[in-house]
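Visitor: My questions are about this predicted structure, shown below with the sequence.
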Amino acid sequence: MPKFLLKRWHGLHMVWTFVLLVALSIILLAFQWILGTLGLIASCVLALYTLRAETAFRRELNEYIGTISHRVKKAGAEVMNELPLGMLLYNDDKIVEWHNPYLGKMLGRDSVIGETLAELFPDLKIKKEREERLDLTVGKNVYQVWVRPEERLLYFRDNTAYFTLHKKYEEEKLAIGIVMMDNLEEGTQGLDDQARSILLAKVTGEITEWANRNGIYIRRTASDRFLILLDQNALRKLEQSRFEILDDVRDLTIENKLPLTLSIGIASGFDTLTELGQMAQTSLDMSLGRGGDQVTVKVGQRLSFYGGRTNAVEKRTRVRARVISHALRDLMKESDKVIIMGHKYPDMDAIGASVGILKAVQTVGKEGYIVLEGVNPSIARLMEAISDDENLNRWFVTPEQALQITNQRTLAVVLDTHKASMVAEPKLLQQTHRIVVVDHHRRSEEFIQEAMLVYMEPYASSTCELVTELLQYIHERIQMEVLEATALLAGIVIDTKSFSLRTGARTFEAASYLRRSGADSALIQRLLKEDLEGYIQKAEIIRSTEILYEHIALAAAEPGRKYSQLMIAQVADTLLNMTDITASFVIAERPDGRIGISARSLGQLNMQVVMERLGGGGQLTIAAAQLEGTIAEAKQKLKAVLEQMEQEEGLFQ
């Protein structure tokens, strides 16, 4: 404790002594005036001494405070000069007015006073309204900048060590992947054991060499499946190369009647190994659901697709169709009733498939209802024919009616889509957990996860083809009415463009079964007839066609004129039939005010990938999207996507 504080302590004691002495002297004056007088004299002497002590205390206190202030100022100056923290003051014009020596060392200069912040730190963006902390790279170092706009003050802290450690941590994060030969059985069918072994050895060697070349740990878990472990560095390199292993394996087996292809699912960015494993399997399922021969990469919330340049391989066995059919039949029997619905604004495929499932429901002795919201012009003639058939028309209900009759024991069958947002009435899926999905589109990120039974086959020409196969196993001798069989066959005819696209042996087998069941081809021709006004409208859109990359036709309708989605799709089909055209896009305004894009290709360009980048979806050769805004904006967005894909993959060379 400083000496002057001790003196202060003694001074306080003297004050109390003085008070007591004065009180005692006053009392003595009443009895012994001599002693009282002496006491008062002593009190005066004590008061004088106390006053001098107080004066000395205040003088020493002021001197002590002055010393402390000097030391604090000196320490503060040393702190600003010696601490590894940059400090900078600037004026309203963002010109440097002062900085400490550390900032000069940071910039490799003695002084930067008088220079602008924009010259010194081009990447530094200061917002006047609030304090913020930013990361700024200066030379080889990374600094955290604390911006205080009110004081026009910047603090710089070297964050390089933390940044380097964080970067290393991110680069070494684990990613898990599953590699699968998605058509091994089909590709090796008919080969003897020796040829099959040689083919598998070649493919396995190619995959192993690819893994070793990219620093990937690989372990074979089944004859057609591999588990891979890799870090973020390796994953980034694979994404930059766009997984050339897909092309390598396909080219390696190109001499086969059916080349082998790979499907890969990779997951990263999740907290536990369990989540990583589950998401890797989900990613693989998505690759397979989209037709195979592609890679799905799930990193946190980011989902990326690579490959997908070939058509899905048609399965040569109907075992899966039989198993799904029996499972569907059991679910129908266990349910109170069945609600059937396709996508919004249903087309011929969705309505035909719905009629087929309704027939299956009635065959097992249950009540089934088809949910229909609005009539698409493409199905107007079919719905007129159905309205004339009392036995069939009575089972069509509106979404409101369907909501009233749906409960937890109701089975909901979703057809021709697997997206909850696209079904005729999404609320129905919330009223029951008994959901079945039957679809022929390639799987997208949005999917009805809670479905009890999923039958998705991208190789199929249409949902009607899948439903027709299911019907053959629902009952041995199912009896179909003419209109029911015709509706199913019409869906196949529309989606295959009269059996010219996306057809396989099973497509013709399904069509043959429907013809035997009474499908009327003449009625189909009447349902699909085109009027003169529609033909003229198509010609008006085609007049605006421009050719991109020598083989892509792009047509945009006039602003202000509205066309049905069917009309837009028909124009895209017409353009695809032109000489040297391998892909077509048609943009027009729909009756609901949104901008519709219909995309078609012969297979060289994956239309699903193109439309997914615009918020839509579809298949390899047929896809669509709906956008908000104007036709000009949609056209610009589409061109930007095509240009980006050209730069990434050189698809149009």
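Guide: Received it, and whenever you're ready, just let me know what you need. On a predicted model such as this, the values are computed, not experimentally measured, just so you know. Residues are numbered from 1 along each chain as shown.

Visitor: Give me the secondary structure label for residue 476.
Guide: Using DSSP: H, G, I helix; E, B strand; the rest coil, the structure places residue 476 in coil.

Visitor: ok, now the one 3 residues further on?
Guide: Going by three-state DSSP, the secondary structure assigned to residue 479 is coil.

Visitor: mind checking the backbone torsions on it?
Guide: phi -110, psi 120 (degrees, to the nearest 10).

Visitor: Stretch 369-384 - what's its average pLDDT?
Guide: Stretch 369-384 shows a mean pLDDT of 85.

Visitor: starting at the chain centroid, how far to that stretch?
Guide: 33 Å (C-alpha atoms, centre = their mean, to the nearest Å).

Visitor: how long is that stretch from one end to the other?
Guide: Stretch 369-384 stretches 18 Å from its first residue to its last (C-alpha to C-alpha, to the nearest Å).

Visitor: what do you get for stretch 598-610?
Guide: End-to-end for stretch 598-610, by C-alpha to C-alpha: 11 Å.

Visitor: Make residue 1 into 54 and carry on from there
Guide: In the new count, where the first residue is 54, that last one comes out as stretch 651-663.

Visitor: How about that stretch, which residues are buried there?
Guide: Within stretch 651-663, the residues scored as buried using 16 or more other C-beta atoms under 10 Å are 651-654, 658-663. C-beta coordinates here come from the backbone N, C-alpha and C atoms, glycine included.

Visitor: go on, stretch 241-261?
Guide: Neighbour counts using 16+ other C-beta under 10 Å place 241, 252-253, 256, 259-260 of stretch 241-261 among the buried residues.

Visitor: ok, and what's touching that stretch?
Guide: Here stretch 241-261 makes contact (C-beta atoms under 8 Å, 6 or more residues apart in numbering) with 232, 234, 240, 271, 273, 276, 279, 298, 301-302, 305-306, 309-311, 313, 315, 369.

Visitor: and the nearest residue to residue 380 once chain neighbours are set aside, what is it in contact with?
Guide: Computed as C-beta to C-beta, 6 or more residues apart in numbering, the closest residue to residue 380 that is not its neighbour in sequence is residue 506, at 5.6 Å. Residues in contact with residue 506, defined by C-beta under 8 Å, 6+ apart, are 377, 380-381, 384, 488-490.

Visitor: repeat for residue 176
Guide: Here residue 176 is in contact with 189-190 (C-beta under 8 Å, 6+ apart).

Visitor: Am I right that it sits in a helix?
Guide: No: counting by three-state DSSP, residue 176 is not found in a helix; it is coil.

Visitor: Just say helix, strand or coil for residue 215.
Guide: Residue 215 ends up helix, using three-state DSSP.

Visitor: Could you check how many residues crowd around it?
Guide: Close neighbours of residue 215, defined as other C-beta atoms under 10 Å, add up to 12.

Visitor: repeat for the one 4 residues further on
Guide: By other C-beta under 10 Å, the residues close to residue 219 number 12.

Visitor: now residue 437
Guide: 11.

Visitor: again, but for residue 586
Guide: Neighbours of residue 586 (other C-beta under 10 Å): 8.
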